[in-house]
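**Q** Quick check, what structure comes out for this input:
(chains A and B)
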Amino acid sequence: MKMFVKLAWRNVLRNKRRSLITFVAIALGLGILIHYSAFTAGFKEQMTDNSVRMYIMGHVLIHEKGFNDEPSAEKSIPNAEKILAEVRKSPEYGHVRGMTSRVKFQGLISSTTNSYGVMAVGIIPGTDATVTSVHKTMTRGKFLEERQENARSIVIGEKLAKALKVDAGEKVVLMAQASDGSMGAEAFRIKGIFRSSNPDLDRSVVYIPLRSAQNILAYGNNVSEVALLLDHSDRAEAVQAGIKKVLPKELEVLNWRELSPDLVAMMDMFDLDVIIVMVIIYVLVGVGILNTLLMAIMERVPEFGVLNAVGMKPSSMVQLILLEAFFLGCIGIFFGTLLGLADVAFLSRHGIDFSSFSAGLGRFLGMQTTIYSLFSWKGTLAPMFFVMVAVMAAALYPARKAAKLQPMEAIRHL
Amino acid sequence: MTTIITTKDVTKTYNGKIKVEALAGIDLEIRAAEFVVIAGPSGSGKSTLLHLLGGLDTPTSGSIRVAGHDLTALSKNRLSDFRLSTLGFIFQAYNLLPVLTLEENVEFGLLLKGTERGEIREKVRKTLQELGIEEFAHQRPSELSGGQQQRGAIARAIVGDPELILADEPTANLDSHNAGALIDMMRKMNEGRGKTFVVSSHDPMVIAKADRVVRLRDGKIVS
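**A** Residues are numbered from 1 along each chain as shown, chains lettered A, B, ... in the order given. As a prediction, this is how the structure comes out:
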């Protein structure tokens, strides 16, 4: 075995240019695979994160039962603080990055010239900022603040402002049916205007202070929902299950997948798309490695004939060639992993700026224009494993071919 | 003296673009400890016959029996075992493994056999010494002259103490001085160790040293 290892290793070192080409082919192939895995994972996570923060407004939402299917002012949670306290006591609280309570209702917003139907969200600005990111998208004025003088402030989207022909500082009136059946209405001054990069959101959602929303709906201290933001979207089901156990049965606890089936369908389509592209990249990388190894091994067939002539069994020759391929693979994988991880480290910090496509990305669930790679063990180890399998498979074919030849056929082989 | 090689009606045809009949009905018997030279002009089938006797190629028809083994009936693995245990082959182009030193090339067959490390060291040292190339033990083939490489190839062929040594035009790439020394060395081993040598050559110096000369022409034995 020692001689096999020595022979295989020296053969790797023997033709440095040929080995270098093989290492580079393997390393580049692996680097591309790691890059693509991390980049698509980052893209997907950002897409989920944007959707969760901007539209669903939380990974896990707690409502009165039935609110999600039929939202109405009559369905509310009387004691949000008690729910928040229960969540804090649950074992899953370690995964919770932000919590808030809010009021949501359908209303009519009017300026002096126009009226439009909107979804109004009554928020506690300080805690809502730990769950959502609307406050980061302000283009004019400011976002809501927790001060008494801001009680009659409203933040609206740029499209809505244009439709209502209003600007920051001007007045609008918000009307809605209250929980007791009466009509509630309040006048607000526009504190700020946001542009989330999703036109639908900019046209149809407004933010007001929680207390004002409770007043319009005659809610008292009730809220429509409690929202949780988690450290990772994949933990939503586990946290949901844990929280369900400690909350009263009349409350519904839904995760972001249940709250946005459209998003999940889109994710599934995206996953399928990624798989197709991945398969194409894997095949291209595999063929590249096969081609390089095939050339490296086939040009040495005469030497395998000599080995066979001096008494080495065909099966041992296959082992020797596979051992050489393993060494080549290990070195290529080492440098490929370094290359891939360097790429992931750089792109997870600096990202790739797609600002020239920002309009398209914005419509695609409000993505930010810079996409950051996301490291994962799976996204690193799976390509490494694949490349090693590809290297061994690529070596097996010529190895078996060489082993099948008569020694003199191999020695005469060109 | 016992017969070590028997061939019966052996033919070999290469089916390329043009069909070439390299050997046509070879019947041959070689006794143990003989020094036989297979002579003939280029293309007469000398090398082909030698390759068939070494199990390095398969005949188109006929049977070949070497040291009690019917080569036409052996599997690839059994043929490898046969070559490892019974045969030493010396190629015209030396064919030493370029990544191994001379010593490693010589010991390779012994390692494949599973010989004990100390015994390998001793056998390799003695063989290299006998062939006068001990001082080149740690050099690679590319650092050796043609004569030194050919001695290395002989060392690799004889170190495992095989019953039969086949040499395919061993002096073809050597000058007359080296060729003479090499053939004397082979003859000495034949006489001293009692090994059977079958050498293909059209070199008169080699032919002159033979116990028996088998002459081939157009794939047939003519004398």
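**Q** so who does A:Met298 touch?
**A** A:398, A:401-402 (CB atoms under 8 Å, 6 or more residues apart in numbering or on different chains). For the C-beta atoms, the positions are set from N, CA and C on the backbone; glycine is no exception.
**Q** in the chain, which spans are strands?
**A** Picking chain A for this. For chain A, the strands defined by DSSP state E occupy A:60-64, A:96-110, A:115-123, A:138-141, A:153-157, A:171-177, A:183-194, A:205-209, A:225-230, A:251-255, A:352-353, A:370-371.
**Q** Let me rephrase: I mean chain B.
**A** Under DSSP E, chain B gives strands at B:3-15, B:19-31, B:35-39, B:61-66, B:69-70, B:87-90, B:164-168, B:196-200, B:212-217, B:220-221.
**Q** Provide the strand pairings for the third one, with the direction of each partner.
**A** Strand B:35-39 pairs in its sheet with strand B:196-200 (parallel), strand B:212-217 (parallel), by DSSP bridges.
**Q** buried ones in the longest one?
**A** If I follow you right, that is strand B:212-217. The neighbour-count check on strand B:212-217 (16 or more other CB atoms under 10 Å in any protein chain shown) flags B:214-216 as buried.
**Q** relative orientation of it and strand B:19-31 in degrees?
**A** Taking axes from the mean of the first three to the mean of the last three CA atoms, to 10 degrees, one finds that strand B:212-217 is oriented at 170 degrees with respect to strand B:19-31.
**Q** so what's the spatially most central residue of chain B scoring on pLDDT?
**A** In chain B, the C-alpha nearest the mean C-alpha coordinate belongs to B:Leu166, at 2.1 Å (CA atoms, centre = their mean). Looking at B:Leu166, its pLDDT stands at 95.
**Q** Next, count neighbours for the closest residue in space to A:Arg203 that isn't next to it in sequence.
**A** Using CB to CB, 6 or more residues apart in numbering or on different chains and skipping the chain neighbours, the partner closest in space to A:Arg203 is A:Lys159 (4.0 Å). A:Lys159 is flanked by 19 other residues according to other CB atoms under 10 Å in any protein chain shown.
**Q** By proximity to chain A, which residue of chain B wins?
**A** B:Leu84 (2.8 Å; CB to the nearest CB).
**Q** For the residue nearest to that residue when sequence neighbours are not counted, report the pLDDT, please.
**A** The shortest distance from B:Leu84 to any non-neighbouring residue, by CB to CB, 6+ apart, is to A:Gly311 (2.8 Å). pLDDT recorded at A:Gly311 is 89.
**Q** For chain B, give me its nearest residue in chain A.
**A** A:Gly311 (2.8 Å).
**Q** wait, that residue sits on B:Asp81?
**A** Yes. Here A:Gly311 reaches B:Asp81: they are 7.4 Å apart, a contact under CB atoms under 8 Å.
**Q** More neighbours: which of these two?
**A** Counted by other CB under 10 Å, A:Gly311 and B:Asp81 do not tie: A:Gly311 has more neighbours, with 25 against 17.
**Q** and that one, what is it in contact with?
**A** Residues near A:Gly311 by CB under 8 Å, 6+ apart: B:80-81, B:83-85, B:109, B:112-113.
**Q** how about the residues of chain B near chain A?
**A** B:51, B:54, B:56-58, B:76-77, B:80-81, B:83-85, B:89, B:91, B:95, B:97-100, B:104, B:108-109, B:111-113, B:156 (CB under 8 Å from any CB of the partner chain).
**Q** Strand B:35-39 and whichever helix in chain B runs longest, what's the angle between them?
**A** Using DSSP state H, we find that the single longest helix of chain B is helix B:176-193. Counting by the same axes, to 10 degrees, helix B:176-193 lies at 140 degrees to strand B:35-39.
**Q** in chain B, which ranges drop under the pLDDT threshold?
**A** Judged against pLDDT under 70, the low-scoring parts of chain B cover residues B:1.
**Q** Now do the contacts for the closest residue in space to B:Ile30 that isn't next to it in sequence.
**A** Nearest residue to B:Ile30, sequence neighbours excluded (CB to CB, 6+ apart): B:Ile5, at 4.0 Å. B:Ile5 is in contact with B:28-30, B:53, B:64-67, B:164, B:196, B:198, counting by CB under 8 Å, 6+ apart.
**Q** What separation do you get for the nearest residue to B:Gly180 once chain neighbours are set aside and A:Ser110?
**A** Nearest non-adjacent residue to B:Gly180, counting by CB to CB, 6+ apart: B:Met205, 6.0 Å away. Applying CB to CB, to the nearest Å, the value for B:Met205 to A:Ser110 is 117 Å.
**Q** again with B:Ala39
**A** Taking CB to CB, one finds B:Ala39 at 115 Å from A:Ser110.
**Q** on that earlier part again, B:Met205 and A:Ser110: which has the busier surroundings?
**A** A:Ser110 (17 against 14).
**Q** you'd agree that one is up against A:Glu170?
**A** No. Contact criterion CB under 8 Å: A:Ser110 and A:Glu170 do not qualify, at 12.0 Å.
**Q** check contacts around residue 64.
**A** Just going to use chain A. By CB under 8 Å, 6+ apart, the contact list for A:Glu64 reads A:75-77, A:250-252.
**Q** Please refer instead to chain B.
**A** B:5-7, B:10, B:52-53, B:70-72.
**Q** And for B:Val222, nearest residue in space, chain neighbours not counted?
**A** B:Arg215 is the one closest to B:Val222 (CB to CB, 6+ apart), at 5.0 Å.
**Q** The one you found against B:His202, yeah?
**A** No. The pair B:Arg215 / B:His202 is not scored as a contact, 9.8 Å apart, by CB under 8 Å.
**Q** what is in contact with those two at once?
**A** B:39-40.
**Q** Could you count how many residues lie near B:Ala167?
**A** There are 26 residues near B:Ala167, going by other CB under 10 Å.
**Q** Next: A:Glu92.
**A** Neighbours around A:Glu92, by other CB under 10 Å: 19.
**Q** ok, it - contacts?
**A** Contacts of A:Glu92 by CB under 8 Å, 6+ apart are A:235, A:238-239, A:242-243.
**Q** Narrow these to those that are buried.
**A** Buried among the contacts of A:Glu92 (16+ other CB under 10 Å): A:235, A:239, A:242-243.
**Q** so the residue of chain B closest to chain A sits right up against B:Gly114, yeah?
**A** No. In this structure, B:Leu84 is not within contact of B:Gly114 by CB under 8 Å, at 10.1 Å.
**Q** Please identify which of those two sits among more neighbours.
**A** Neighbour count, other CB under 10 Å: between B:Leu84 and B:Gly114, B:Leu84 has more, with 18 against 7.
**Q** which residues does that one contact?
**A** Contact analysis of B:Leu84 by CB under 8 Å, 6+ apart lists A:310-311, B:109, B:112-113, B:160.
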